[in-house]
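Q: Using only what follows, build the 3D model:
(one chain, ligands or ions: 1)
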Amino acid sequence: MRRLAWLGLCAVTASCSWSRYDALTKDPPVVLLERPASVGARFGAALGAGDGVVIAGGQPAQAGMALFVAGDPPAATPVTSTCTDLSRCRSTATPTHVPSPQGRSGCFVAGIGRGEATLDDTAGLVGTCVDGGAFKLPVPDSFRARVIEPGLMPFSIVGFDGVVALASAGNRLGAGSPETHEAWLYAPDLASFSVVPRPAYAVKSYGMAVAVVDGPTPTFAVAAPAGGLVVLHDPVSGAARGCIRRAAPWGVVMQGFTDAGKSWLAVSDAAGRVDLVDLAALALDPASCVEPGVAARALSCAATEDLAGCDGAAFGFALAHGDLDGDGDQELLVGAPGANVREVPNGGAVFVFDLEGGDGPRETLFLSDAQAEDQLGSAITAARVGGHDVAVAGVPGTRKALAVFLCGMSPGARCK
Ligand SMILES: [Ca+2]
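A: Okay, here's the model as predicted:
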């Protein structure tokens with residue numbers, strides 16, 4: 001059974017599943033990457049991608065981030081690892097692609113601390129490139145003094161993302177910390193940063209999630225989920241243009257991207273509520289927070305013959321975007337690690353949505369042989385392979401492996 005035939009079958013039957021590939025040993029549509037020895041528990045709980053490289057770590061605030069070269073098939077072993085010395089680096093939940101320091105490519109911020117022994121002893125954001133080169137970025141004094149240097153490295157006081165949130169787009173890198181209630185943007189050369197002014201209405205948990213959006217409505221979004229708030233900053237001046245709100249804890253996870261000439265922001269409460277916001281369509285008030293109104297479209301978990309348990313699915317626990325079918329338009333990927341897969345509890349799934357139209361997901365990704373507590377979709381990213389993106393989903397619960405969906409809607413030799 002090849003992919004196009006499978007798609008045709010999907011159109012006329014109620015269910016689609018990966019089980020049709022179960023017997024395939026050649027060119028399987030899903031590849032599992034085993035946990036490298038350099039990465040600790042819950043491998044796949046932290047994911048990022050860029051420049052054809054995937055970075056994967058485990059539970060935040062421990063040691064170990066591995067960099068894999070994306071490909072078809074993906075390389076089974078990491079090309080390099082970073083943040084491997086716990087005394088000098090703790091991993092972040094949001095490893096983030098950054099513009100190339102010194103003209104290199106495949107570079108990521110992977111953790112916080114003093115960094116590799118070859119670097120100086122000042123604490124900051126710790127980064128690495130696929131060529132193994134290490135670098136470090138400065139951080140605000142308050143964050144360094146309160147979070148990094150005391151050696152506290154609190155596992156996660158707020159509970160979800162650890163102590164620092166990161167996001168990038170184009171040549172902009174943004175960071176936030178709920179521990180110090182602040183957020184900052186780096187200059188394109190990453191050598192300096194500016195803390196953005198926090199509005200008086202956003203206090204507790206401000207900085208827990210951030211998103212950087214390019215396009216016609218460039219935005220640095222900083223969430224304060226305890227208040228259900230997302231503050232939208234001008235990324236050049238840093239000033240707050242306004243704020244959108246929903247019922248708390250909205251803003252636990254965010255993802256920004258551009259598509260079809262628009263700037264989009266996806267916002268989740270990590271527990272079933274996901275909104276896709278057209279940033280140009282918002283009617284903002286500079287002085288207060290407003291409901292996003294018609295600028296937002298709610299996306300929902302949808303049970304299928306294979307997937308159930310939407311109420312406890314943690315729909316929105318992770319968000320990513322990518323062009324999975326190679327048509328030039330982005331799709332939004334929504335993780336639901338608590339979804340039940342064919343009555344297997346918390347096997348986990350990724351729902352793929354088109355940006356325009358249609359209430360339900362266009363595709364669902366899961367493992368046909370899911371095991372209980374796999375929690376696939378706890379973290380997701382998309383990596384460019386050939387003419388399209390492949391979905392990469394963490395399976396941190398039980399498999400100690402990373403699932404690469406080489407056929408997430410994409411045509412090609414493997415997926416016909
Ligand atoms: Ca597409």
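Q: where does this structure have low pLDDT?
A: The model of the chain has pLDDT under 70 over residues 1-25, 101, 150-162, 412-413, 416.
Q: At the contact with the ion, which residues of this structure appear?
A: 323, 325, 327, 329 (Cβ under 5 Å from the ion). C-beta coordinates here come from the backbone N, C-alpha and C atoms, glycine included.
Q: Of those - the most surrounded one?
A: Greatest neighbour count in those, by other Cβ atoms under 10 Å, goes to Asp325: 20 neighbours.
Q: Could you single out the nearest of the residues of the chain next to the ion to Trp264?
A: Asp329 (11.4 Å; Cβ to Cβ).
Q: now the closest one, what's its secondary structure?
A: coil (DSSP: H, G, I helix; E, B strand; the rest coil).
Q: Which residue is the nearest non-sequential neighbour of it?
A: Among residues not flanking Asp329 along the chain, Asp259 sits closest, at 5.9 Å (Cβ to Cβ, 6 or more residues apart in numbering).
Q: likewise Leu33?
A: Using Cβ to Cβ, 6+ apart, the closest residue to Leu33 is Leu402 (4.3 Å).
Q: any idea which helix or strand carries the one you found?
A: Assigned by DSSP states H and E, Leu402 falls within strand 401-405.
Q: Check which helices and strands that strand sits against.
A: Packing partners of strand 401-405 (3 or more Cβ pairs under 8 Å, 6 or more residues apart in numbering; DSSP states H and E): strand 30-34, strand 388-395.
Q: could you dump the ones you listed to JSON lines with mean neighbour count?
A: Below are the helices and strands packed on strand 401-405 laid out as JSON lines (neighbours: other Cβ atoms under 10 Å):
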{"stretch": "strand 30-34", "mean neighbour count": "18"}
{"stretch": "strand 388-395", "mean neighbour count": "28"}
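Q: Among those strands, which comes closest to Pro361?
A: Of all those, it is strand 388-395 that lies closest to Pro361, at 12.7 Å by Cβ to Cβ.
Q: domains for the protein, by residue range?
A: Using automatic domain parsing, the domain parsing of the chain gives 1-9+25-35+303-416, 46-137, 160-299.
Q: From start to finish, how long is the shortest one in a straight line?
A: Between the opening and closing residues of domain 46-137 lies a distance of 20 Å (Cα to Cα, to the nearest Å).
Q: Tell me the gap between stretch 62-80 and the middle of its chain.
A: 17 Å (Cα atoms, centre = their mean, to the nearest Å).
Q: Can you check the distance spanned by it, start to finish?
A: 17 Å.
Q: Can you give me the buried ones in that stretch?
A: Neighbour-count burial for stretch 62-80 flags 62-70, 72, 74, 78, 80 (criterion: 16 or more other Cβ atoms under 10 Å).
Q: Over to stretch 402-414?
A: Buried residues in stretch 402-414 (16+ other Cβ under 10 Å): 402-412, 414.
Q: What of stretch 349-369?
A: 349-353, 355, 361, 363-367.
Q: Which ones among those lie within strands?
A: Counting by DSSP state E, the buried residues of stretch 349-369 place 349-353, 363-365 in strands.
Q: Of those residues, just say which sits nearest to the ion.
A: The closest of those to the ion turns out to be Val352 (Cβ to the ion; 9.3 Å).
Q: wait, isn't that closest one in contact with Gly360?
A: No. With contact defined as Cβ atoms under 8 Å, Val352 and Gly360 do not form a contacting pair (10.6 Å).
Q: where do the helices sit along the protein?
A: 3-12, 141-143 (DSSP state H).
Q: ok, back up a step: I'd like to know which of the domains of the chain is closest to Val147.
A: Of the domains of the chain, nearest to Val147 by Cβ to Cβ is domain 160-299, at 5.0 Å.
Q: Could you tell me how far that closest one lies from the centre of the chain?
A: In terms of Cα atoms, centre = their mean, the centre of domain 160-299 is set 14 Å apart from its chain centre.
Q: ditto for stretch 296-304
A: The chain centroid and the centroid of stretch 296-304 are separated by 18 Å, computed with Cα atoms, centre = their mean.
Q: Flag every buried residue along that stretch.
A: Under 16+ other Cβ under 10 Å, the buried positions of stretch 296-304 are 296-297, 299-301, 304.
Q: Redo the residues you listed as JSON lines? Include distance to Leu282.
A: As requested, the buried residues of stretch 296-304 are exported to JSON lines (distance: Cβ to Cβ, whole Å):
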{"residue": "Ala296", "distance to Leu282": "8"}
{"residue": "Arg297", "distance to Leu282": "13"}
{"residue": "Leu299", "distance to Leu282": "17"}
{"residue": "Ser300", "distance to Leu282": "21"}
{"residue": "Cys301", "distance to Leu282": "25"}
{"residue": "Thr304", "distance to Leu282": "33"}
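Q: And for Ala221, nearest residue in space, chain neighbours not counted?
A: In space, and not counting its chain neighbours, Ala221 is closest to Ala211: 4.3 Å by Cβ to Cβ, 6+ apart.
Q: returning to that earlier point: among the buried residues of stretch 349-369, which pair sits farthest apart?
A: Longest span within the buried residues of stretch 349-369, Cβ to Cβ: Leu355 and Leu367, 26.0 Å.
Q: about what we covered before: taking the residues of the chain next to the ion, tell me the two that lie furthest apart.
A: Between any two of those (Cβ to Cβ), the greatest distance is 8.3 Å, for Asp325 and Asp329.
Q: ok, residues contacting the strand holding Leu402?
A: Identification of contacts with strand 401-405 by Cβ atoms under 8 Å, 6 or more residues apart in numbering yields 29-35, 43-44, 47, 54, 56, 68, 70, 74, 350, 365, 367, 376, 390-395.
Q: redo that, cut-off 7 Å
A: 29-35, 43-44, 56, 74, 365, 367, 376, 390-395 (Cβ atoms under 7 Å, 6 or more residues apart in numbering).
Q: cool, stretch 190-205 as well?
A: So stretch 190-205 is contacted by 98-99, 101, 137-138, 140, 158, 173, 178, 181-187, 206, 220, 224-227, 229, 231, 233, 238-240, 243, 288-289 (Cβ under 7 Å, 6+ apart).
Q: let's go with 8 Å and repeat that
A: Contacts of stretch 190-205 (Cβ under 8 Å, 6+ apart): 98-99, 101, 135, 137-140, 158, 173, 175, 178, 181-187, 206, 220, 222-227, 229, 231, 233, 238-240, 243, 288-289.
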